[in-house]
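A.B. asks: Predicted model follows, preceded by the sequence.
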Amino acid sequence: MIKKIGILTSGGDAPGMNSALIGAIRSGINANKEMYVIYDGYKGLIEGKIQKVNKDTFKDKMNQGGTVIKTARLPEFKELSVRQKAVEILRKEGIDALIVIGGDGSYMGAKKLTELGINCIGLPGTIDNDIASTDYTIGFDTALNTVVNEIDNIVDTSSSHHRCAVVEIMGNRCADLTLYAGIATNADIILTKDHPFTTDEVIETLNRKKKDDQDYALVLVSEKFMDTNGLVEEIKKRTSWDTRLTVLGHTQRGGRPSAMERVNAVYMADYAIKLLNEGKGGMCVGIRNSKPVAYPIEEALKLENNLHKELYKLHDDVK
């Protein structure tokens with residue numbers, strides 16, 4: 001019978017991680033478990049940064065972005081000896097199970113700890129929405145709203161000056177933030193690995209927009225898909241658009257989590273506690289059709305991400 005459960009956040013931070021943390025603490029204590037947090041992710045685990053918490057420890061942090069228990073990357077966690085040290089520390093503290101909030105790299109750590117006897121459940125904490133076992137990751141909805149707000153501001157000034165705005169959006173090769181933002185802002189062109197255009201096609205489209213006397217043009221580019229500086233130079237050389245590049249960068253990671261972000265994070269965290277209470281480990285929780293679901297981590301990581309062909313078609317049909 002599991003008596004003590006630890007929680008850590010790992011990898012990149014994401015709005016809603018604190019909501020998941022608070023949800024897990026509350027559900028765990030309601031299930032008569034002792035709850036502990038581990039600061040600084042797997043790195044903090046190796047360093048023994050463990051603290052017992054109660055329901056009120058982070059009560060006022062539900063609306064705060066980032067992660068109050070901090071995060072860090074630890075590539076050395078791939079080594080068996082490092083993981084064995086982590087297990088020793090957990091055993092010494094009497095912690096039987098772990099909830100890991102993070103992305104696919106964090107999931108792999110959770111899977112390997114489960115293999116060493118510490119039941120772990122993964123929660124999908126990443127703004128990129130690149131975990132295929134859930135419709136939406138913790139952080140995606142908030143990051144999307146941040147991106148859309150920033151683009152709306154850029155459109156205001158671009159329209160005033162008859163400019164073309166090229167905006168580079170995060171995603172770590174996952175196109176979801178760019179695609180959803182493109183639909184929400186009625187972008188002229190969306191450039192992602194799943195929806196590529198040649199530079200010639202971009203130039204042709206922008207020249208047509210200029211000929212039609214459009215007030216402004218908006219081009220959204222998914223991070224790591226192409227050289228956005230080079231694209232801007234080509235647009236300047238081959239069109240009459242006054243063109244500016246905006247790289248949104250880490251503004252996309254911060255900010256207060258949206259209401260639905262908080263609700264979904266708490267919902268998933270509660271389900272994670274239920275799984276651990278049933279003695280299950282090596283699983284990851286997600287949301288499918290507004291309901292919590294669980295997959296074995298190994299199976300989840302093999303799933304292919306949704307390419308959203310219907311959403312690209314929806315965007316293209318209105319052009």
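C.D. replies: Yes, it's here.

A.B. asks: and stretch 169-181, C-alpha only, in PDB?
C.D. replies: In PDB, the C-alpha atoms belonging to stretch 169-181 read as follows (Å, rounded to 0.1, in the frame of the first residue of the first chain):
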ATOM      1  CA  ILE A 169       6.400  30.800 -32.700                       C
ATOM      2  CA  MET A 170       7.700  28.100 -30.300                       C
ATOM      3  CA  GLY A 171       6.900  24.400 -30.600                       C
ATOM      4  CA  ASN A 172      10.200  22.500 -30.700                       C
ATOM      5  CA  ARG A 173       9.200  21.100 -34.100                       C
ATOM      6  CA  CYS A 174       5.600  20.600 -33.100                       C
ATOM      7  CA  ALA A 175       3.400  22.800 -35.200                       C
ATOM      8  CA  ASP A 176       0.300  23.000 -33.000                       C
ATOM      9  CA  LEU A 177       0.900  26.500 -31.500                       C
ATOM     10  CA  THR A 178       1.500  27.900 -35.000                       C
ATOM     11  CA  LEU A 179      -1.400  26.200 -36.600                       C
ATOM     12  CA  TYR A 180      -4.000  27.100 -33.900                       C
ATOM     13  CA  ALA A 181      -2.700  30.700 -33.700                       C
END
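
A.B. asks: can you give me the mean pLDDT across that stretch?
C.D. replies: Average pLDDT, stretch 169-181: 94.

A.B. asks: For that stretch, buried residues please.
C.D. replies: Neighbour counts over stretch 169-181 (16 or more other C-beta atoms under 10 Å) mark 169-171, 174-181 as buried. For the C-beta atoms, the positions are set from N, CA and C on the backbone; glycine is no exception.

A.B. asks: And the contacts of the lengthiest helix in the chain?
C.D. replies: Using DSSP state H to define each element, the chain has its longest helix at helix 140-160. Here helix 140-160 makes contact (C-beta atoms under 8 Å, 6 or more residues apart in numbering) with 14-16, 65, 126-129, 163-165, 167, 169-170, 176-177, 180-181, 184-185, 187, 215-218, 220, 244, 246, 248, 251-258, 260-261, 264.

A.B. asks: Okay, and which of the residues you listed map to helices?
C.D. replies: 176-177, 180-181, 184, 260-261, 264.

A.B. asks: so which of these comes closest to Met226?
C.D. replies: The nearest member of the ones in helices among the contacts of helix 140-160 to Met226, counting by C-beta to C-beta, is Leu177 at 15.8 Å.

A.B. asks: List the contacts of that closest one.
C.D. replies: 127-129, 140, 143-144, 147, 169-171, 222, 252.

A.B. asks: If we use 10 Å, what do you get?
C.D. replies: 127-130, 140, 143-144, 146-148, 169-171, 192, 220, 222-223, 248, 252 (C-beta atoms under 10 Å, 6 or more residues apart in numbering).

A.B. asks: For Arg83, see how far away it is.
C.D. replies: From Leu177 across to Arg83, the span is 32 Å (C-beta to C-beta, to the nearest Å).

A.B. asks: Also Ile151?
C.D. replies: Distance of Ile151 to Arg83, given as C-beta to C-beta: 42 Å.

A.B. asks: which of these two has more neighbours?
C.D. replies: Set Ile151 next to Arg83 and count neighbours by other C-beta atoms under 10 Å: Ile151 wins out with 24 against 21.

A.B. asks: what's the pLDDT at the more buried one?
C.D. replies: 98.

A.B. asks: same thing with Val100?
C.D. replies: pLDDT at Val100 comes out at 98.

A.B. asks: Shouldn't it be within a strand?
C.D. replies: Yes: membership of Val100 in a strand is supported by DSSP: H, G, I helix; E, B strand; the rest coil.

A.B. asks: Now do the same contact list for it.
C.D. replies: Here Val100 is in contact with 6-11, 38, 41-42, 45, 106-111, 113, 120-123, 125, 272, 284, 297 (C-beta under 10 Å, 6+ apart).

A.B. asks: Filter those down to just the ones in strands.
C.D. replies: Residues of the contacts of Val100 located in strands (DSSP state E): 6-9, 38, 120-123, 284.

A.B. asks: ok, and the most crowded of those?
C.D. replies: Gly122 (34 neighbours).

A.B. asks: so it makes contact with Thr137?
C.D. replies: No: counting by C-beta atoms under 10 Å, Gly122 does not reach Thr137; the two are 11.1 Å apart.

A.B. asks: So for these two, which residues contact both of them?
C.D. replies: With C-beta under 10 Å, 6+ apart as the test, Gly122 and Thr137 both reach 102-103, 131, 268, 286.

A.B. asks: Let me have the residues you listed in TSV, adding neighbour count, distance to Leu307 and secondary structure as columns.
C.D. replies: Converted to TSV, those look like this (neighbours: other C-beta atoms under 10 Å; distance: C-beta to C-beta, whole Å; DSSP: H, G, I helix; E, B strand; the rest coil):
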residue	neighbour count	distance to Leu307	secondary structure
Gly102	31	24	strand
Gly103	22	19	coil
Ile131	28	15	coil
Met268	31	24	helix
Gly286	24	18	strand
